[in-house]
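Peer 1: Below is the sequence, then the predicted model.
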Amino acid sequence: MMQRYLLICPQTHTSFRLPEIKAVVELVGANVQFCETHSGVDPAPPFIVVTCDSATGIEAVVQRSVCIHQCIEIWGEGETWDECHTAVRAHPDANKTPYTCDGSTFKLDFLCRGRKFSNTLKQSLMKSISTYSFHGKVDLKEPDHIFYFVEDTGIVHGVKSTTLPSTSTSAEGSRTTTYFGRLVACGARDLINRINLKDRNLIGNTSMDPELSIIAANMCKVARGMLVVDPFVGTGSILYPCAHYGAYVTGCDINKAVLHGLGKTSRANPFHKMRGDNENIAATMAQYGLSDQFLGVWLVDQARHCWRRPAATPQHGDDTSTPPGTAGLFDAIVTDPPYGIREGARTMAATPADGPAAPDNYWMRHESHVYERDTVFGDLLAFAAQFLVLHGRLAYWLPVIKGEYSEDQVPVHPCLSVVANCEQPLSGRMARRLITMQKTRAWTHAMDPLVPACTMPPAPTTTGSTSAAVPPPPPPLTSLSFRDKYFAPKADAAAGAERDKPSADPVVRVEHIPGFTWTPDAVTEDVWQRLRTWMATAADIPWATAREGRRVVQYGFCYDYAKQCVDLTPVAPIPPLLLECFPAVRGHYEQCIINEYEANQSIPYHTDDGGFGPSICVFVFGDARPLRFRRRVAAAGTPNAASEGDVPTDATVTEMHRFKLTIPHRAQYLLEGEARYKWEHCITEGAGLCYRTCVVSLCGAESVVIIRLML
């Protein structure tokens, strides 16, 4: 016999509600049917009526789902309380007697959607219990059973409501339904508190909300004995609920510091600025008692991963095996790929910067570049198609712009089918969507061309040929535009393409620093895209390492970082692309320096070498960092105060003048005169949002041009 149940859901992450519950129903194998939800206009109602033929089946669903607060076995329902009372009295005694007999204890509770019960109505409903043949006693502290009076007014979330009168009425046009029933089970909401970020050993700037991590695990139907991987594991937030459900979990990442819990801690006001011995994924697994489910993490570039396809094996009870080399490895892949907001994606270059590297320092000597967002998701789907078992699931997060999103933006693969697409709003303009896909078709070697170019080995050259194979075209660069629109003001988002046009605003002069001027939107977005593509794809860029540890490449002439002076020894000529994108600025230039700064790297206060010339012109791209200035001058009232224009001597009483300015994307600023020689300037570390910084210096006899690239 099919029994009706009322699912009471929390009002958080409402778009995930029905897909998550349906995934759990499939996982548990319960015969659950969804009935009409009496709201009519609410796509995510907090009250959901279902039917199930087994009490243990519905209990298993509720106890696994994080999108359900409580489940109530419906004993009676109606459009009015009188109809509900009649239905309860007509409910079979065989179902009621075990919970209402002598010796049992019970408690009454009340729930209402959109409004509150009046005290008068509560008292009336409590008195009606005498007509239900209840023989047990009331126990408010530790009752054997809890019964609920529930009223669904049909008022959609967000509509202003008032207290219900003693007679049940609702807003005009809405339908009221009343329920009475027994509490059957509570949802898995306690797991959210168990793995909360506040008490977790290891957290990072991008650690995922525990509730969303659990939802992602449920969408992939993670169960005991499964093998689950997170290709972009970070601090391991997604692995913990998967391990809690009994799966064996592993993950990989390219960031060694995050992977092993090294470097600065992400906690606010810590006693120690650096991470401790217990701030790593393994220690956090032990904190939750999940060490037996943890297989370790791997320092791996996902674009060139280390996994190998297993031999042919039967797929989940299938009678036949897949062809050799096409069997899956993982039962589920759950991940949150980086997309350049708080953390950036990196991938290793094809070869080391200065020749083959030994195994012990391979990772240190290989150069990395930006891992484009489109390529990240293309590689992820190709990886899932090859390494998921048949009918295994992939769940990943896709960032979108609300006004521009369409279903066509979801990556596709012939082996994978979309089973759910849920949105989490991030702001009024931005959101991210949890895409859940299922492998419905076995992967074959014939699908290798579908793999994005960055995951395929370079094409071999023909024997005896003098020309190398033509490299594949770069993937579409959509991550930058998404990142720009994420940080852009609302007015810029409304302007659309107008934002990419050079600004006609005049040069802005800074009165505090004579000789310092800056111009917004001095370069078009097309120039930035071309330069960025060249930086990410060119294989002949002669990268080196500066004294401070950042990457450097020099063209024309060389700046000696050891001697801290300009060396007129000729080096590689300036690439034509730079000459084309940045024509002569205030004269001819003959030198180009490219400095790359990671988010945790900076430049201390300094004045640029005099060999660079009297003018320095700087172009800024990407995420802006504060540009800080300082100058030591003679204090007022001292004997040397009259010579304020000169640098004070050691015997002079001095004071420090300071100034800070943030230069936006595609802007230009110029240092001349006092700003060039008498003011020191520095570039600070990133605030967690800047993950790559490149500085390109184009200098000649008359001027120097510096281009700062913050990818």
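Peer 2: Yep, that arrived.
Peer 1: Next, the buried residues of the helix ranked longest in the chain.
Peer 2: Assignment by DSSP state H gives helix 373-387 as the longest helix of the chain. Using 16 or more other CB atoms under 10 Å as the test for burial, helix 373-387 gives 373, 375-387. Where you see a C-beta, it was placed from the backbone N, CA and C, and this is true even at glycine.
Peer 1: And for stretch 663-672?
Peer 2: Under 16+ other CB under 10 Å, the buried positions of stretch 663-672 are 663, 665, 666, 667, 668, 669, 670, 671, 672.
Peer 1: Kindly provide the whole-number mean pLDDT of that stretch.
Peer 2: Stretch 663-672 carries an average pLDDT of 80.
Peer 1: can I get the CA coordinates of it in PDB?
Peer 2: Output of stretch 663-672 as PDB, limited to C-alpha atoms (Å, rounded to 0.1, in the frame of the first residue of the first chain):
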ATOM      1  CA  ILE A 663      45.300  51.400 -11.300                       C
ATOM      2  CA  PRO A 664      42.400  49.600 -13.100                       C
ATOM      3  CA  HIS A 665      42.500  47.100 -16.000                       C
ATOM      4  CA  ARG A 666      43.800  48.400 -19.300                       C
ATOM      5  CA  ALA A 667      45.000  51.700 -17.800                       C
ATOM      6  CA  GLN A 668      48.400  53.500 -18.400                       C
ATOM      7  CA  TYR A 669      50.500  55.600 -16.000                       C
ATOM      8  CA  LEU A 670      53.600  57.600 -16.500                       C
ATOM      9  CA  LEU A 671      56.500  58.300 -14.200                       C
ATOM     10  CA  GLU A 672      58.700  61.400 -14.900                       C
END
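Peer 1: contacting residues around it?
Peer 2: Stretch 663-672 is contacted from outside by 484, 515-525, 528, 608, 614-624, 627, 681, using CB atoms under 8 Å, 6 or more residues apart in numbering.
Peer 1: low pLDDT regions in the stretch 401-550 of the chain?
Peer 2: Applying pLDDT under 70 to the stretch 401-550 of the chain picks out residues 445-507, 509.
Peer 1: can you check the stretch 201-350 of the chain too?
Peer 2: 268-272, 309-326, 340-350.
Peer 1: Now with 90, please.
Peer 2: In the prediction, the stretch 201-350 of the chain carries residues with pLDDT under 90 at positions 201-208, 232-236, 252-280, 297-329, 337-350.
Peer 1: ranges for the strands of the stretch 451-600 of the chain?
Peer 2: 508-509, 516-519, 544-545, 551-555, 557-560, 565-570, 591-598 (DSSP state E, counting those that start in this stretch).
Peer 1: So which elements touch the third one?
Peer 2: Packing contacts for strand 544-545, counted by 3 or more CB pairs under 8 Å, 6 or more residues apart in numbering; DSSP states H and E, involve strand 551-555.
Peer 1: hmm, back to that, among the contacts of stretch 663-672, name the buried ones.
Peer 2: Buried among the contacts of stretch 663-672 by 16+ other CB under 10 Å: 484, 515-523, 525, 528, 608, 615-624, 627, 681.
Peer 1: Spit out the contact partners of residue 287.
Peer 2: Contacts of residue 287 by CB under 8 Å, 6+ apart are 200, 201, 278.
Peer 1: so the nearest residue to the last one once chain neighbours are set aside is in which element?
Peer 2: If you skip the residues right next to it in sequence, residue 278 has residue 201 as its closest partner in space, 5.0 Å away by CB to CB, 6 or more residues apart in numbering. Residue 201 is part of no helix or strand, with elements assigned from DSSP states H and E.
Peer 1: out of the contacts of residue 287, which is most surrounded?
Peer 2: residue 201 (20 neighbours; other CB atoms under 10 Å).
Peer 1: CA atoms only: put stretch 236-252 into PDB for me.
Peer 2: What follows is stretch 236-252 as a C-alpha-only set of coordinates in PDB (Å, rounded to 0.1, in the frame of the first residue of the first chain):
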ATOM      1  CA  GLY A 236      39.600  18.700   0.100                       C
ATOM      2  CA  SER A 237      36.200  20.200   0.900                       C
ATOM      3  CA  ILE A 238      34.300  17.900  -1.500                       C
ATOM      4  CA  LEU A 239      36.100  14.700  -0.400                       C
ATOM      5  CA  TYR A 240      34.900  14.800   3.300                       C
ATOM      6  CA  PRO A 241      31.200  14.100   2.600                       C
ATOM      7  CA  CYS A 242      32.100  11.400   0.000                       C
ATOM      8  CA  ALA A 243      34.400   9.700   2.600                       C
ATOM      9  CA  HIS A 244      31.600  10.100   5.200                       C
ATOM     10  CA  TYR A 245      29.300   8.100   2.900                       C
ATOM     11  CA  GLY A 246      31.800   5.200   2.800                       C
ATOM     12  CA  ALA A 247      33.600   5.900  -0.500                       C
ATOM     13  CA  TYR A 248      37.300   5.700  -1.000                       C
ATOM     14  CA  VAL A 249      38.500   9.200  -2.000                       C
ATOM     15  CA  THR A 250      41.500  10.700  -3.600                       C
ATOM     16  CA  GLY A 251      42.400  13.900  -5.400                       C
ATOM     17  CA  CYS A 252      45.000  15.800  -7.200                       C
END
